[in-house]
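Participant: coordinates only, no sequence provided:
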């Protein structure tokens, strides 16, 4: 079950902390790239790296990393950036996370304060029997698939887990939805566990019991102090209600829980209050779930490795017939016909 730019960034454009580019310049220079010029090419001022909390365009970050990997010929560029980072490199939130009692509490805090970390990434946790999936999703279309950003995010996620569970801990496996690069040495040496590509999700699998192992560095007083700081920081720059609902829908669709009751619970509010806030934002829950399904349908149907049945599941439909009916009404043709016309 799920538990869940241009500089400066504006409006509802997904944003990340400037700290997302920690060690970018060092890795780029190591590969002989003109790091500063590349950043400016994508609307990112190198001077903003001094203020690690500054909000910058997530799309610009994705495009910068893809261009850097392409120009350097290094398809593990994101992994190399993660390798150079330290655990809990998240500013105020890092202090809070480092002293939580368990990894489960860390993940819940990352969900709660995601707008202070990176509001373009959706963290989710799914438990099946004795195993758990800790995954990251991107609820926004960035154009080209942001392979390097995804690998950086999962590598940083694993580093966070290792910091809580100890240096000898490793997940059962790590998964990416994109294809494998020709050279896997960096991936294997960093993760030190099976790394599976062309998977159905981006994230890692571990034992559910791992989430409740005690953190030897747990300190409730430091956590309370950090929560006070996070609350004051969080008063500015919180995502809009419609962006929050879109993210929640994106995360809950694959587990068939993207109804208004579950979304309200995910956002720690009542259905009535959620409806009122969405009304104030000139939208409705039905409109948002239609928008998310439409965007995801195009994304998944454009990738032939996803069967139509699997696409139906990822969009929250329990039967193939109900998905086909919705898809035909929305796109004017059956899923198979649409794929034949668009995936030649």
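Facilitator: All right, it came through fine. Just so we're clear, the structure is a prediction, and the values are computed from it rather than from any experiment.
Participant: helix, strand or coil for residue 204?
Facilitator: strand (DSSP: H, G, I helix; E, B strand; the rest coil).
Participant: excluding its backbone neighbours, what's nearest residue 245?
Facilitator: Leaving out its chain neighbours, the residue that sits closest to residue 245 by Cβ to Cβ, 6 or more residues apart in numbering is residue 288, at 5.3 Å. Just so you know, the C-beta spots here come from the backbone N, C-alpha and C atoms, and that holds for glycine as well.
Participant: run through the residues that contact the one you found.
Facilitator: Listed by Cβ atoms under 8 Å, 6 or more residues apart in numbering, the contact set of residue 288 reads 242, 245-246, 249, 278.
Participant: give the buried residues for the helix or strand it falls within.
Facilitator: Per DSSP states H and E: residue 288 is located in helix 285-301. Neighbour counts over helix 285-301 (16 or more other Cβ atoms under 10 Å) mark 285, 288-289, 292-293, 296-297, 300-301 as buried.
Participant: from the contacts of residue 288, which land in helices?
Facilitator: Members of these lying in helices (criterion: DSSP state H): 242, 245-246, 249, 278.
Participant: thinking again about what came up before, measure the residue nearest to residue 245 to residue 256 for me?
Facilitator: The gap separating residue 288 from residue 256 is 17 Å, by Cβ to Cβ, to the nearest Å.
Participant: do the same with residue 73
Facilitator: 42 Å.
Participant: higher neighbour count, the two?
Facilitator: Using other Cβ atoms under 10 Å, the more surrounded residue of residue 73 and residue 256 is residue 256, with 14 against 9.
Participant: show me the contacts for the more buried one.
Facilitator: 316-318.
Participant: of those, closest to residue 306?
Facilitator: For the contacts of residue 256, the minimum distance to residue 306 (Cβ to Cβ) is 13.5 Å, reached by residue 317.
Participant: any regions of the stretch 201-344 of the chain where pLDDT drops low?
Facilitator: 231-239, 251, 255, 344 (pLDDT under 70).
Participant: hang on, I meant the stretch 1-150 of the chain
Facilitator: Checking the stretch 1-150 of the chain against pLDDT under 70 turns up 1-12, 91-92, 139-143.
Participant: now with 90, please.
Facilitator: Applying pLDDT under 90 to the stretch 1-150 of the chain flags the ranges 1-19, 47-55, 85-99, 107-129, 136-145.
Participant: can you give me the helices for it?
Facilitator: 24-30, 35-41, 58-72, 77-83, 92-98, 103-112, 114-117, 147-165 (DSSP state H, counting those that start in this stretch).
Participant: so which elements touch the fifth one?
Facilitator: For helix 92-98, the elements it packs on are helix 103-112, helix 114-117, helix 220-234, judged by 3 or more Cβ pairs under 8 Å, 6 or more residues apart in numbering; DSSP states H and E.
Participant: and the ones in helices among the contacts of residue 288 as a markdown table, adding distance to residue 108 and neighbour count?
Facilitator: Output for the ones in helices among the contacts of residue 288, formatted as a markdown table (distance: Cβ to Cβ, whole Å; neighbours: other Cβ atoms under 10 Å):
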| residue | distance to residue 108 | neighbour count |
| --- | --- | --- |
| 242 | 24 | 19 |
| 245 | 19 | 27 |
| 246 | 21 | 23 |
| 249 | 20 | 27 |
| 278 | 25 | 19 |
